[in-house]
Every structure is written in C-alpha cells, then in structure tokens.
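Student: Build me a structure from this.
(one chain, ligands or ions: 3)
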Amino acid sequence: MYKEIDWKRIDLNTAPPREEPERQYYYIALCRELVQREAEKLGRPLTFCVTTFGCQMNARDSEKLAGILKETGFLEAEEERADFVIYNTCTVRENANLKVYGHLGLLKHRKKSNPHMRIALCGCMMQEPEVVEKLKKSYRFVDLIFGTHNIFKFAELLAQMLEHTGQVIDIWDGTGQIVEELPVERKYPFKSGVNIMFGCNNFCSYCIVPYVRGRERSRRPEDILGEIRELAADGVSEIMLLGQNVNSYGKTLEHPISFGELLRRVEEIEGIARIRFMTSHPKDLSEELIQVMKSSSKICRHLHLPLQSGSTRILKAMNRKYTKEQYLDLAARIRREIPDISLTTDIIVGFPGETEEDFLETLDVVRRVRYDNAYTFIYSKRTGTPAAAMENQVPEDEVKSRFDRLLALVQENAKMQTARFADTIQEVLIEEVNEHDESLLTGRMSNNLLVHFEGDASLVGCIRRVRLDICKGFYYMGTLIPEEKE
Ligand code: SAH
Ligand code: SF4
Ligand code: F3S
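Tutor: Numbers count the residues shown, from 1 in each chain. Ligands and ions are numbered 1, 2, ... in the order given. Reported below is the predicted structural model:
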C-alpha cells in the first residue's frame with residue numbers, strides 16, 4: 001500500500017521499474033527531489049491548484065492528481081496564487097470546451113508576469129486530436145498535456161515537466177490497464193467517490209464520452225471493496241460508486257458479478273452508512289437492483305435515471321435501446337417498490353430530427369414520472385459522433401423555446417416533489433457551514449435534497465436528524481433534533 005512507502009528509501013540511482021504502480025512510486029520519489037530543489041531556489045514551498053470541469057468521474061480523477069502532488073511536496077493553493085495550475089477538462093458539450101479556452105486566455109496573461117508558473121491540461125478534451133493540434137500551435141505556454149487513459153502516469157509526466165523545458169505531450173488512444181494503489185487526496189473527509197468502472201460501450205449517437213474515455217472496464221470487486229474498507233477506516237461514511245453505466249458493472253470481469261451483488265457486498269462494510277451510485281442506464285437496470293435497493297438500509301433513496309428523450313423514435317436515433325413505454329414501466333415499478341425514492345434525470349432538447357410531437361412526448365414522460373429534479377441540456381453537436389453527421393439539425397430558436405417550456409415543467413414538478421417531505425424528520429449528512437450565513441449548517445438527505453439549519457460547525461461530517469420546517473422550492477429550512485441522552 002502506498003501509505004506505507006517511505007519515498008526516501010527508493011533508490012533513484014537505479015533504472016525506473018517497468019511494473020505499475022512501482023514505476024510511479026519511483027517517479028514520485030524523483031519528483032520529491034525536483035520539487036524540493038526548486039522550492040529551495042525560490043525560498044518557499046511550491047503550490048498547486050487543480051480545477052475540475054465536468055462530471056464526478058473527473059472530480060475523482062482530480063483527487064488522484066492532488067494526491068500525487070501532495071506526496072511530491074506541492075502545497076494546495078487558490079488558483080490565483082498557484083505555481084502549477086492544472087485544468088482537468090470536459091468536452092461533453094461545446095460549452096464545457098469553450099470555458100477551458102476562456103480560462104487559458106487568462107492564464108497566459110498571468111504566466112507573462114510569473115514566468116516560473118507552469119500549466120497542465122488533462123481530461124476528456126485532450127483525447128480529441130483537433131484540440132491537441134490547436135494547443136500545439138497556438139497555446140505553446142501550456143507545459144504539460146495528457147489524456148484520460150494515462151492519468152495513472154501523472155507522476156512520471158510531472159517529472160518530465162520538471163526536468164525539461166518545452167511542452168510535454170502524452171496522449172494514448174486507449175487502454176485496458178487499471179492501475180491500483182496510487183495516492184488520492186479527498187476533497188471531503190467524510191464522503192468519497194469510488195470508481196467501479198471506466199469508459200463506456202453504449203455509443204449513444206450524440207455522446208462523445210465513449211471516444212474520449214474508451215471501452216468499458218470494470219475494477220475487480222476485491223479492489224473496490226478493499227478501497228471502501230480503507231475509506232471507512234479513514235472516517236468516510238458516505239461513498240458514491242462511479243461509472244458511466246453502473247448497471248453493466250462486472251460483465252467483462254474474469255469472474256463476472258452483477259452490480260446488485262457488488263452493492264450487497266459494499267453494504268456489509270462496517271462504518272459506511274450511505275451508499276450512492278451514478279449513473280444508471282435504463283436499458284440495464286435489473287429487477288435485482290430494485291430489490292437490493294428496496295431491502296437495503298444504506299443505499300440512498302435516490303436514483304438518477306437519464307431519460308434523454310420521451311419519444312421512442314428519437315430514442316432509437318439516439319441508440320438508447322429502450323422505448324418510451326419501457327422507460328415509463330421501469331419508473332413506475334421503481335416508484336411502486338420504493339415509494340420514498342427521489343427520481344432524477346437528464347434530458348436533451350433539440351436532438352437532430354426532433355419534431356414538436358417528439359418534444360410533447362418528452363413533456364408527457366416528465367409529467368408522468370414526476371421527477372424530483374432534472375438536468376436539461378440543449379443538444380450540442382460533437383465532432384465524430386453519428387448524430388453530428390445527421391442532416392436534420394433543429395433550428396436554434398425552436399430549440400430554445402422548447403428548452404424553456406421543458407425547464408418550466410421540470411421546475412414545477414421539482415417544487416411539488418420537494419414539498420412532499422414537509423414536516424417530516426430526516427437523517428442528514430452534515431456537509432458544510434453555510435457560505436452566506438455562518439450560523440447555518442447544510443445537510444444532505446438520503447434522497448439528495450438539501451436542508452439548512454442552525455448548528456455548530458463541529459457537526460460537519462456527522463449524520464443527524466433534522467425536522468424539515470419550511471420548503472423553499474428546491475431545498476428546506478429545518479431544525480436540528482437534539483441527540484437523545486443514552
Ligand atoms: N453516462 C451517463 C451520462 C454522461 S454525460 C448516462 O448515460 O446517463 C451526462 C449527460 O450529458 C447525458 O446524460 C446527456 O443528457 C448529456 N449529453 C451528453 N452528450 C450531449 C450532447 N452532445 N449534447 C447535449 N447533452 C449531452
Ligand atoms: Fe454517453 Fe450514452 Fe455512454 Fe452515457 S451511456 S456516457 S450518454 S454513450
Ligand atoms: Fe465530461 Fe468526460 Fe465526464 S466529457 S461529462 S468529464 S466523462
């Protein structure tokens with residue numbers, strides 16, 4: 001285990017090992033020397049900042065980058081004051097992509113007045129060849145560029161960057177490799193994401209993720225359970241199992257196991273009080289999973305079940321592999337079996353060829369399922385995906401008007417659904433002191449709703465009972481219930 005490694009004992013006069021993770025341990029030891037040398041020259045410690053765009057998967061990757069940087073002697077700092085700035089990028093929609101270029105413009109400016117500053121870019125955007133070409137040509141001030149498949153090599157790339165001047169670029173087309181036992185620095189002491197699989201095999205026709213994250217690979221159950229046990233021992237009480245489609249977990253393993261079975265084993269781990277997971281593809285959601293959720297006392301009462309469209313015709317063109325009726329049936333079964341569950345979803349408006357009738361089908365599903373919340377997106381054309389080549393793209397003003405109508409309905413539903421918990425007492429995991437009012441704490445319920453209530457900062461990280469007094473639309477104001485004396 002890396003926690004037991006004494007970096008000083010790694011012999012840097014020998015060649016780096018070929019096996020992983022030993023090779024990365026060697027480079028961490030080397031980076032420690034390089035960082036120390038530079039810090040001595042500057043007369044102060046070196047600082048870093050990792051900025052994350054995109055999904056939970058990227059957030060977890062950023063924790064891995066931060067873990068390695070801390071081991072090498074870098075201290076964390078605000079982006080404005082950091083010597084080393086890393087952007088972990090997303091490219092799922094064009095907006096995400098444009099944001100990164102916007103930020104880079106600002107960084108270029110700062111680097112001019114602070115020449116020893118270094119900049120790295122990694123993540124999904126770097127898996128697009130056009131992006132890397134553009135960076136090579138017009139963004140020479142970026143020092144290190146790497147992708148999603150070789151993130152485990154970060155220590156090695158960091159050493160290269162620290163030892164050389166000039167742009168270091170390393171992008172892989174794919175990998176079957178999963179490297180375990182590398183340092184991680186969690187953002188929250190009491191909750192953590194846990195990767196259970198990487199990549200995606202579904203190729204929804206609008207989506208770039210399978211191209212930038214590669215084929216689906218599941219981690220071995222013993223590695224996942226081992227990591228969760230360590231997290232529990234380290235004070236984590238809530239975990240979120242992460243994958244692009246957790247419902248197909250385990251199918252490609254040497255000894256296949258189902259996602260439901262994995263959940264059963266996670267449930268047995270002492271110290272873990274709450275289990276969440278993201279994301280479920282409706283086509284693979286099994287009856288077994290519904291039953292495991294129903295009988296579990298730890299799995300949270302929240303299921304994110306992306307719909308994308310309510311029109312069977314559009315779902316077919318999206319390659320989602322379910323019909324409107326199948327989705328409605330699944331949602332109804334889940335609501336029937338687990339009545340207190342919150343259902344949330346993702347919806348895309350303006351997929352090529354979407355007509356007013358198709359859109360009305362989407363509104364119909366939203367009305368019938370009564371989502372507790374929904375993330376709504378305007379379709380964004382991603383180069384290389386099948387949908388980008390479809391001819392019948394929907395005019396922008398049409399899409400905008402549909403988007404507004406959908407959002408209004410989604411918000412109306414969300415308010416109604418949120419209100420159904422008024423005056424109940426709920427267990428919450430207290431996550432933070434309220435940013436705007438220090439006398440308030442913010443807690444998250446099992447169903448993912450937030451409640452703000454008066455309390456002491458020492459309670460952050462604890463699970464407590466709170467009465468939901470006033471529904472504020474999408475969240476509650478509440479009162480902490482005093483703990484009963486034993
Ligand atoms: N694996 C997850 C989703 C990952 S991307 C799943 O299948 O549910 C998160 C969301 O972004 C998707 O659910 C989809 O609604 C949205 N999305 C993906 N590609 C998009 C595109 N090209 N345009 C607009 N939204 C998109
Ligand atoms: Fe994209 Fe579909 Fe895979 Fe989700 S399941 S990541 S939407 S291709
Ligand atoms: Fe974005 Fe990559 Fe996640 S494209 S949504 S960061 S998998």
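
Student: can you pull the contacts of the residue in the stretch 1-150 of the chain that ligand 3 sits nearest to?
Tutor: Proximity of the stretch 1-150 of the chain to ligand 3 (CB to the nearest ligand atom) peaks at Gly54, 2.7 Å away. C-betas here are computed from N, CA, C, even on glycine. When contacts are counted by CB atoms under 8 Å, 6 or more residues apart in numbering, Gly54 touches Asn88, Thr89, Cys90, Val92, Ala96, Gly123, Cys124.

Student: go again using 6 Å as the cut-off
Tutor: Cys90 (CB atoms under 6 Å, 6 or more residues apart in numbering).

Student: Wasn't it part of a helix?
Tutor: No - Gly54: not assigned to a helix; according to DSSP: H, G, I helix; E, B strand; the rest coil it is coil.

Student: Near ligand 3, which residues of the stretch 201-350 of the chain are found?
Tutor: Val209, Val212, Arg213 (CB under 6 Å from any ligand atom).

Student: which of those residues come close to ligand 2?
Tutor: Near ligand 2, by the rule CB under 6 Å from any ligand atom, you find Val209 out of these.

Student: Which of the helices or strands spans the residue nearest to Thr72 when sequence neighbours are not counted?
Tutor: Distances taken as CB to CB, 6 or more residues apart in numbering put Cys31 closest to Thr72, at 3.9 Å, once the chain neighbours are dropped. Of the helices and strands defined by DSSP states H and E, Cys31 is found in helix 22-42.

Student: Against which helices or strands is that helix packed?
Tutor: In this structure, helix 22-42 packs against helix 154-163, with contacts taken as 3 or more CB pairs under 6 Å, 6 or more residues apart in numbering; DSSP states H and E.

Student: which other helices and strands contact the helix it packs on?
Tutor: Against helix 154-163 (3+ CB pairs under 6 Å, 6+ apart) you get helix 22-42, helix 56-71, strand 144-146, strand 168-170.

Student: hmm, try it at 8 Å
Tutor: Other helices and strands packing on helix 154-163, by 3 or more CB pairs under 8 Å, 6 or more residues apart in numbering; DSSP states H and E, are helix 22-42, helix 56-71, strand 118-123, strand 144-146, strand 168-170.

Student: Of all the residues in it, which ones are buried?
Tutor: Phe154, Ala155, Glu156, Leu157, Leu158, Ala159, Met161, Leu162 (16 or more other CB atoms under 10 Å).

Student: List the contacts of the last one.
Tutor: To tie it back to what came earlier, the one meant is Leu162. Leu162 touches Cys31, Leu34, Val35, Glu38, counting by CB under 8 Å, 6+ apart.

Student: got TSV for those, with pLDDT, distance to Arg276 and neighbour count too?
Tutor: As requested, these are arranged in TSV below (pLDDT from 0 to 100; distance: CB to CB, whole Å; neighbours: other CB atoms under 10 Å):
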residue	pLDDT	distance to Arg276	neighbour count
Cys31	97	34	26
Leu34	97	39	18
Val35	97	36	23
Glu38	95	40	15
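
Student: what about stretch 100-107 and ligand 3, touching?
Tutor: No - for stretch 100-107, no contact with ligand 3 is found by CB under 6 Å from any ligand atom; the gap never falls below 11.2 Å.

Student: and that stretch, how far out from the chain's middle?
Tutor: Here stretch 100-107 is found 22 Å from its chain centre; the criterion is CA atoms, centre = their mean, to the nearest Å.

Student: in that stretch, what's buried?
Tutor: Buried residues in stretch 100-107 (16+ other CB under 10 Å): Val100, His103, Leu104, Leu107.

Student: Tell me how far the third one lies from ligand 1.
Tutor: When CB to the nearest ligand atom, to the nearest Å is the yardstick, Leu104 and ligand 1 sit 22 Å from each other.

Student: swap in Met117?
Tutor: Applying CB to the nearest ligand atom to Met117 and ligand 1 gives a distance of 32 Å.

Student: which residues touch Leu303?
Tutor: So Leu303 contacts Ser280, Met293, Ile334, Ile341, Ser342, Leu343, Thr344 (CB under 8 Å, 6+ apart).

Student: Arg110 now?
Tutor: With CB under 8 Å, 6+ apart, Arg110 has these contacts: Glu80, Met117.

Student: isn't there a helix covering it?
Tutor: Yes - according to three-state DSSP, Arg110 belongs to a helix.

Student: From the buried residues of stretch 100-107, pick the one nearest Glu227.
Tutor: Proximity of the buried residues of stretch 100-107 to Glu227, judged by CB to CB, is greatest for Val100, which lies at 29.9 Å.

Student: secondary structure element for the closest one?
Tutor: Per DSSP H and E: helix 94-113 holds Val100.

Student: For the helix or strand where Glu357 lies, name the packing helices and strands.
Tutor: In the assignment (DSSP H and E), Glu357 maps to helix 356-369. If you count contacts as 3+ CB pairs under 8 Å, 6+ apart, helix 356-369 packs onto helix 312-317, helix 324-337, strand 342-349, helix 396-419.

Student: tally of neighbours for Thr52?
Tutor: 21 (other CB atoms under 10 Å).

Student: That one against Lys64, yeah?
Tutor: No - counting by CB atoms under 8 Å, Thr52 does not reach Lys64; the two are 11.4 Å apart.

Student: Low-confidence ranges, the protein, go.
Tutor: 1, 485-486 (pLDDT under 70).

Student: can you list contacts of the helix or strand harbouring Glu230?
Tutor: For Glu230, the enclosing helix or strand under DSSP H and E is helix 221-233. Helix 221-233 has contacts (CB under 8 Å, 6+ apart) with 180, 192, 194, 196, 239, 241, 250, 253, 257, 262, 265-266, 269-272.
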